[in-house]
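Trainee: Got a predicted structure plus its sequence, pasted below:
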Amino acid sequence: MTAFAKSSRLMQRGTDFLGSDYAILCGAMSWVSERNLVSAISNAGGFGVIACGAMTPELLDAEITATKALTAKPFGVNLITMHPMLFDLIDVCARHRVTHVVLAGGIPPKGSVEAIKAFGAKVIVFAPTLALAKKLLRSGGDALVVEGMEAGGHIGPVATSVLAQEFLPALAEEHLVFVAGGIGRGEAIAAYLEMGAVGVQLGTRFACAVESIAHPNFKKAFFRANARDAVASVQVDPRLPVIPVRALKNKGTEEFTAKQIEVARLIDNGAIEMGEAQLQIEHFWAGALRKAVIDGDVENGSLMAGQSVGMVKEEEPVADIIQQLMAESEAALTRR
Ligand SMILES: Cc1cc2nc3c(=O)[nH]c(=O)nc-3n(C[C@H](O)[C@H](O)[C@H](O)COP(=O)(O)O)c2cc1C
């Protein structure tokens with residue numbers, strides 16, 4: 001690791017926390033972040049995270065067991081806070097002695113952080129505002145991921161560059177902050193490390209690695225795409241607060257607009273409540289992403305991708321991507 005001495009020094013608190021060689025997390029990607037990609041990331045010195053998504057406790061149990069069989073290195077599990085069986089999923093993580101749990105998709109429900117800490121795991125949280133970040137870190141969150149709107153998948157409204165300026169000076173000294181969204185090269189990693197981040201999280205850059213089980217059609221769509229093709233979904237009904245999703249433009253993006261209109265009508269008719277409406281929207285995404293990632297239907301499925309997709313040009317082994325990112329970061333810091 002002496003080859004990356006400057007970067008490693010700035011990542012020290014992050015690597016101590018994660019137990020990995022490099023403080024580079026591969027953010028959970030539903031359907032993509034399963035045993036193969038997760039173990040490959042961790043074996044290459046990064047930190048892999050299983051995407052639980054809409055999995056049942058039984059499926060998560062099997063996925064953790066299979067991942068453990070492929071790597072002896074630490075990895076995490078990402079749980080979506082609105083999952084109806086969240087506490088059962090936490091029990092599965094407890095049985096496996098999972099070391100790091102990432103809580104994504106909203107404010108953690110009462111008791112969830114405590115339940116995770118009770119079996120000794122570290123809790124990684126997301127927060128869209130500085131005030132909420134402080135609250136979550138005060139109430140048990142061990143580390144924070146700050147994610148900007150350049151990212152693939154569900155996104156907030158603010159760019160990574162702005163969030164980093166807002167969050168890092170306020171939190172970096174006392175807390176562990178990882179930066180995510182739009183990172184494609186190591187020079188960007190170096191910049192965020194210098195601003196006080198202890199590490200970074202990438203998704204798009206790893207989605208098409210050799211070890212990723214994503215369908216060849218999904219990967220081809222990524223290799224062809226430019227930054228401007230990764231667009232955020234639009235909200236069609238002001239009453240239906242859908243979280244925007246960044247994905248490559250295709251027929252599936254249009255179908256999402258139609259889905260929103262359909263769900264808004266169901267609310268109008270009193271057929272469903274707002275909570276159910278939001279769950280239906282999330283199920284739509286999970287199904288559409290599966291169609292693209294697993295079945296290779298890149299017309300109708302969802303090609304969730306961040307703006308860094310333009311920097312993904314070919315299938316590369318995870319280890320090469322990580323080494324390249326570290327080398328770029330180190331070169332940038334050495335040039336300073
Ligand atoms: C295909 C895809 C699926 C994703 N699915 C999830 C998910 O299920 N849960 C989650 O917390 N984040 C999800 N994300 C976000 C990633 O974990 C990560 O934070 C993000 O990709 C980082 O930004 P980047 O894409 O600019 O590298 C997804 C991203 C992509 C590209």
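Mentor: Looks like it came in fine.
Trainee: Does the longest helix seen in the chain pack against any helices or strands, and if so which?
Mentor: Taking DSSP state H as the criterion, the chain has its longest helix at helix 274-293. Using 3 or more C-beta pairs under 8 Å, 6 or more residues apart in numbering; DSSP states H and E as the contact definition, the elements that helix 274-293 packs against are helix 216-224, helix 251-268. (C-beta placed from N, C-alpha, C; glycine too.)
Trainee: Also compute the angle for it relative to helix 216-224, please.
Mentor: Here the directions of helix 274-293 and helix 216-224 differ by 90 degrees (axes from the mean of the first three to the mean of the last three C-alpha atoms, to 10 degrees).
Trainee: What lies in contact with helix 274-293?
Mentor: 30-32, 53-54, 80, 82, 154, 213-215, 217-218, 221, 240-242, 245, 252, 255-256, 259-260, 263-264, 266-267, 272, 297-298, 300-304 (C-beta atoms under 8 Å, 6 or more residues apart in numbering).
Trainee: Does the ligand have contacts with stretch 78-85?
Mentor: Yes: applying C-beta under 6 Å from any ligand atom, one finds stretch 78-85 in contact with the ligand at Asn78.
Trainee: Buried by neighbour count: which residues of that stretch qualify?
Mentor: For stretch 78-85, burial by neighbour count (16 or more other C-beta atoms under 10 Å) applies to Asn78, Leu79, Ile80, His83, Met85.
Trainee: separation between the closest residue in space to Ile243 that isn't next to it in sequence and Val145?
Mentor: In space, and not counting its chain neighbours, Ile243 is closest to His154: 4.8 Å by C-beta to C-beta, 6 or more residues apart in numbering. As judged by C-beta to C-beta, to the nearest Å, His154 and Val145 stand 13 Å apart.
Trainee: Any stretches of the chain with poor pLDDT?
Mentor: For the chain, the stretches flagged by pLDDT under 70 are 1-2.
Trainee: What separation is there between the residue lying farthest from the centre of it and Ile64?
Mentor: The outermost residue of the chain relative to its centre, with distances by C-alpha atoms, centre = their mean, is Asn269 at 35.4 Å. To Ile64, Asn269 is 41 Å away according to C-beta to C-beta.
Trainee: picking up where we left off before, need the buried ones from the contacts of helix 274-293 selected in ChimeraX.
Mentor: Of these, the buried ones can be selected in ChimeraX as follows, counting by 16+ other C-beta under 10 Å:
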select :30,31,32,53,54,80,154,214,215,217,218,221,240,242,245,252,255,256,259,260,263,264,267,272,297,298,301,302,303,304
